[in-house]
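**Q** Provided below are the primary sequence and the corresponding predicted coordinates.
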Amino acid sequence: MTEIRLEKLCFSYDPAVPILKDIDLVIDKPELVCILGANGAGKSTLMHCINKLSIPTSGDVYLDGKNLKEFHLKDLAKIISFVPHQEETTFSMSVLDTVLMGRIPHSGNLMSSDDIRIAAENIKLLEMQDFAMHNFDELSAGQHQKVMIARSLTQEPKVMLLDEPTANLDVKYQMLVMRMLRDVAKIKGITVITICHDLNVTAMYADRVVMLYNKGIYADGTVAEVLTKENIELLYGIGCQVMEVQGRPHIALLDGDELDSHIGDNYQSLNGGSEVTDE
């Protein structure tokens with residue numbers, strides 16, 4: 001089990017406009033951790049700092065006590081896998097070959113029968129075996145996402161980072177993927193950290209929730225501790241009701257005056273500040 005420790009982490013592109021400020025966080029259990037926050041809260045930036053895709057302005061990230069600055073990217077790839085929100089590169093190769101790319105940190109370009117076995121097992125786990133010999137660039141966006149998750153698992157990491165892993169998936173596969181990620185964390189003893197915008201998917205499957213607000217960590221704990229009416233209304237600026245379903249919170253969002261005000265303000269700004277009136 002790998003311990004991830006963030007100490008006084010700050011990040012900004014412009015010193016006058018910090019994105020993250022004084023983040024202290026320790027993740028040291030094999031569990032599914034979901035990061036929540038409104039748009040622009042710094043969720044992806046936080047994940048990129050953990051993965052060395054972004055370098056903190058100040059502060060440090062440690063893996064098992066070793067500063068992330070000391071890791072070569074090749075060695076880091078044996079510990080951390082990353083599934084971006086949207087794969088920018090379209091591979092003109094089969095699904096099997098795409099998933100096999102996850103073995104490169106371990107085997108280089110010389111794949112063994114064991115590497116192929118690991119890739120095939122994860123393709124089956126994501127129910128993509130019927131597409132194994134299809135070209136990746138012929139698949140739908142949802143199928144792309146499942147292939148990328150299979151590739152991440154094939155990397156056999158100690159930490160999996162996923163930026164909105166259920167994007168482009170229908171409701172059934174959102175549930176299947178999140179359940180699978182939660183179970184993989186337990187069975188394989190790894191940390192799985194995801195960014196998620198769906199409050200109820202988070203509530204249903206997360207072991208731990210980290211809520212970002214105002215450039216820092218506002219709440220951190222179990223779904224029951226974090227996904228409260230007060231926290232959700234503060235974070236998103238919208239009314240809600242929180243009830244219990246199957247022993248976990250279920251959030252019902254309310255269409256209220258605060259949403260009307262927000263939409264009205266945005267409409268006015270788009271129209272040069274002209275007043276919105278009812279006809």
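**A** Structure received.

**Q** And the helices in the chain?
**A** Using DSSP state H, the helices found in the chain span residues 43-50, 73-76, 95-100, 104-107, 113-125, 141-154, 171-188, 199-205, 223-226, 229-236, 257-270.

**Q** Which one of these lies nearest to I27?
**A** Nearest of these to I27, taken as CB to CB: helix 43-50 at 9.0 Å. Yep, even glycine has a C-beta here, placed from its N, CA and C like the rest.

**Q** and that closest one, what does it pack onto?
**A** Secondary-structure packing of helix 43-50 (3 or more CB pairs under 8 Å, 6 or more residues apart in numbering; DSSP states H and E): strand 4-14, strand 17-27, strand 32-36, strand 159-163, strand 191-195.

**Q** orientation of that helix relative to strand 159-163 in degrees?
**A** 150 degrees (axes from the mean of the first three to the mean of the last three CA atoms, to 10 degrees).

**Q** what residues does helix 43-50 touch?
**A** Helix 43-50 has contacts (CB atoms under 8 Å, 6 or more residues apart in numbering) with 4, 6, 9, 11, 19-20, 23, 35-37, 54-56, 61, 68, 80, 82, 85, 159, 161, 163, 193, 195, 212.

**Q** Just the CA coordinates for it, please, in PDB.
**A** Output of helix 43-50 as PDB, limited to C-alpha atoms (Å, rounded to 0.1, in the frame of the first residue of the first chain):
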ATOM      1  CA  LYS A  43      -9.700  19.100  -8.900                       C
ATOM      2  CA  SER A  44      -7.700  18.200 -12.100                       C
ATOM      3  CA  THR A  45      -4.800  20.400 -11.000                       C
ATOM      4  CA  LEU A  46      -4.600  18.500  -7.700                       C
ATOM      5  CA  MET A  47      -4.600  15.200  -9.500                       C
ATOM      6  CA  HIS A  48      -1.900  16.400 -11.900                       C
ATOM      7  CA  CYS A  49       0.300  17.500  -9.000                       C
ATOM      8  CA  ILE A  50       0.000  14.000  -7.500                       C
END
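
**Q** Can you list the low-confidence ranges for the stretch 151-279 of the chain?
**A** The model of the stretch 151-279 of the chain has pLDDT under 70 over residues 257-279.

**Q** hmm, back to that, okay, the helices and strands packed on helix 43-50 in TSV with distance to Q241 next?
**A** Formatted as TSV, those follow (distance: least, CB to CB, whole Å):
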stretch	distance to Q241
strand 4-14	33
strand 17-27	30
strand 32-36	18
strand 159-163	29
strand 191-195	25
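
**Q** contacting residues around D163?
**A** K43, S44, M47, F82, V83, P84, H85, T194, I195.

**Q** Please apply the same query to Q129.
**A** Counted by CB under 8 Å, 6+ apart, Q129 has contacts A120, I123.

**Q** L169 - nearest residue in space that isn't next to it in sequence?
**A** Spatial nearest neighbour of L169, chain neighbours left out: G142 (5.0 Å); criterion: CB to CB, 6 or more residues apart in numbering.

**Q** Now do the contacts for that neighbour.
**A** N168, L169, D170, Y173.

**Q** Point out the least confident member of the contacts of D163, please.
**A** Comparing pLDDT over the contacts of D163, the lowest score belongs to H85 (80).
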